[in-house]
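A.B. asks: give the three-dimensional model of this entry:
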Amino acid sequence: MNLQFSSPIEASDAGRRIISGIVVPFGTVGNTSAGPVVFEAGSISIGDPTKIKLLAQHSQTDPIGRAMSFQESATEIRGQFKVSASQKGSDYLVMASEDLISGLSVGVEVIASKPGKDGTLYVQRATLKEVSLVESPAFTQAVVTNVAASESEADLHTSEETQSTTESEAIVETQAPEAVTPEAPAAETVEASRPTVKASSPYITSTVRSPIQNMGGYALHSIKAKLGDEESALYVKAAADSMTTNTGFNPTQYLSSIFVSNTNFGRPAVDACGRAALPTSGLTINIPSLITPTDTAPTVAVTAESAAPSNTGMTSEYLSYTVSKYAGQQTISLELIERSDPVFMDQLMIQLERAYLKATDAAVIAALISSGTAATATAATSAGLISYLSTEAAATYAGTSYFAKNVILGTGTWAATMGYVDSTGRPIYNASQPWNAAGNMGNSSIKGNLLGLDAYVDVNAVATNGADNSAFVIAPEAVTVFESATAMFSVNVVSSMSVNLAIYGYMVPAVLQPKGVRKYKTV
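C.D. replies: A predicted model of the protein is given here:
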């Protein structure tokens, strides 16, 4: 036996139940029930090593372990297997340690092969299906190099037995015929058994006998392992044991109590306007008005004794607004409803509601832009902002008889406002009182104060600082948002066993007095 196939046992303790050795040699004749067989170099394809089972005597009903890894070279394939802690696995581990069951045998599905002149079958392509511990080997060159049993089993090993090297046939599992060439035999599963030469009995130790004691030793043996040194590979594998090699004990955790989203913006524009309940019927709202040029309001004048009082007839018209429906839908499978975490439905309803809030808030911004009054153009500077707020607050009162109370800012204008400083470099709008009296605009709230106006930050407003319509000075009485309560609507779809779930509501953003909405405009 070539000594490189047989090496001392690295460790034997309660935590290791490992068998390793040569799985199949390349270019060597093995006698099986299919006749003499030779596996050509690189002929065996191995998928996920952890999916390859270690069987007892090729019995599919007797799995005793699972492969850990395979190393392939130009002359052979070596394998390392973890033996099950079951009673049968323990029995086979003991028998393997005592040379009673000492062969490793592969079960492959032959994909391509060709017959030789002497009747030998040369396997060119095959897929590894399983590896078995067997009693009778076929390849004399293959050996089991290591048996690392449990401590309790190692106590049973007190002597070595000489391994019989008598060859015998292995079990052959026949697959459906598959012709490769006109001369090639039908594809079949070939299982080749090999003898085992054991160097020594396991001995007991409580720790791994490894030369790796520091990072330098780890690096050295990592290099040797890549160069083909089997012992160094085992040392590195033992030293590298971590969560990555024990994934079954490192499950991914899913936290249903925390849900991450970027939809929590609310409705700042709606909050800055007046609110009213939507009438219960109809899709059009008509509101009497005296603000159009053709409307006339009653008058009162100084009247002499016995003279007729001022008599100006009042004429009014209707302002007409169309009611719009806002709705969103989700289609949910029956499985998702019945088998998901209950938190799912809570979060789904929260996200539907937030989507409704975003859509209706954007509709209010659009109404302010389409029906509001453009302000006097100012520069996108601190002085320009002061001019805009003061000038348009006065214009709001002059045009509507109501005071401006609120200002809506886009995110860009909000950011610029927080950065405005006075001549000494001191922040104007985010310093604490009483350092300044201009207002207070912070970075942790969507509501602040600018020159006495409540400031609302709205992500739906134009974000760019200095852009037209990136801010709105508002008298709440000049804008009324008529809105119904939101409702849920669901329909069971029997054909797909799913549920259509929708949120909906009705709203009218009515700009009653355009002069009460002053749109920011820059030069």
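A.B. asks: rounded mean pLDDT for stretch 61-79, please.
C.D. replies: Summarised as a single mean, pLDDT over stretch 61-79 is 89.
A.B. asks: so how far is that stretch off the chain centroid?
C.D. replies: Relative to its chain's centre, stretch 61-79 lies at 34 Å (CA atoms, centre = their mean, to the nearest Å).
A.B. asks: CA atoms only: put that stretch into CSV for me.
C.D. replies: The C-alpha trace of stretch 61-79 is given here as CSV (Å, rounded to 0.1, in the frame of the first residue of the first chain):
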residue,chain,number,x,y,z
THR,A,61,-33.0,2.3,3.2
ASP,A,62,-29.9,2.2,5.3
PRO,A,63,-28.3,5.7,5.3
ILE,A,64,-25.6,6.0,7.9
GLY,A,65,-24.0,9.4,7.2
ARG,A,66,-23.4,12.2,4.7
ALA,A,67,-20.5,13.5,2.7
MET,A,68,-18.7,16.6,4.1
SER,A,69,-16.3,17.3,1.2
PHE,A,70,-14.5,15.8,-1.9
GLN,A,71,-11.1,16.5,-3.2
GLU,A,72,-10.3,15.5,-6.8
SER,A,73,-6.8,15.2,-8.3
ALA,A,74,-5.6,13.8,-11.6
THR,A,75,-5.3,10.3,-10.1
GLU,A,76,-8.2,9.9,-7.6
ILE,A,77,-11.1,11.4,-5.7
ARG,A,78,-10.9,11.6,-1.9
GLY,A,79,-13.9,12.0,0.3
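A.B. asks: mind listing what's buried in it?
C.D. replies: By 16 or more other CB atoms under 10 Å, the buried positions in stretch 61-79 come out as 62-68, 70, 72, 76-79. Backbone N, C-alpha and C define where each C-beta goes, glycine included.
A.B. asks: mind checking the SS state of Val108?
C.D. replies: The local conformation at Val108, judged by DSSP: H, G, I helix; E, B strand; the rest coil, is strand.
A.B. asks: again with Thr417
C.D. replies: helix.
A.B. asks: distance of it relative to Thr322?
C.D. replies: Look at Thr417 and Thr322: by CB to CB, to the nearest Å, they are 35 Å apart.
A.B. asks: which of those two has more residues huddled nearby?
C.D. replies: Thr417 (23 against 9; other CB atoms under 10 Å).
A.B. asks: tell me the spacing between the more buried one and Lys521.
C.D. replies: Distance from Thr417 to Lys521, by CB to CB: 17 Å.
A.B. asks: and what of Gly228?
C.D. replies: 77 Å.
A.B. asks: and those two? Which one has more around it.
C.D. replies: Neighbour count, other CB under 10 Å: between Gly228 and Lys521, Lys521 has more, with 19 against 12.
A.B. asks: now do the contacts for that one.
C.D. replies: Counting by CB atoms under 8 Å, 6 or more residues apart in numbering, Lys521 touches 374-378, 468-469.
A.B. asks: strands paired with the helix or strand in which Tyr504 is found, and their directions?
C.D. replies: For Tyr504, the host element (DSSP states H and E) is strand 498-511. Strand 498-511 sits in its sheet next to strand 324-333 (antiparallel), strand 479-483 (antiparallel), strand 487-493 (antiparallel), going by DSSP bridges.
A.B. asks: how far away from the center of its chain is it?
C.D. replies: 30 Å.
A.B. asks: repeat that for stretch 476-496.
C.D. replies: With CA atoms, centre = their mean, you get 31 Å for stretch 476-496.
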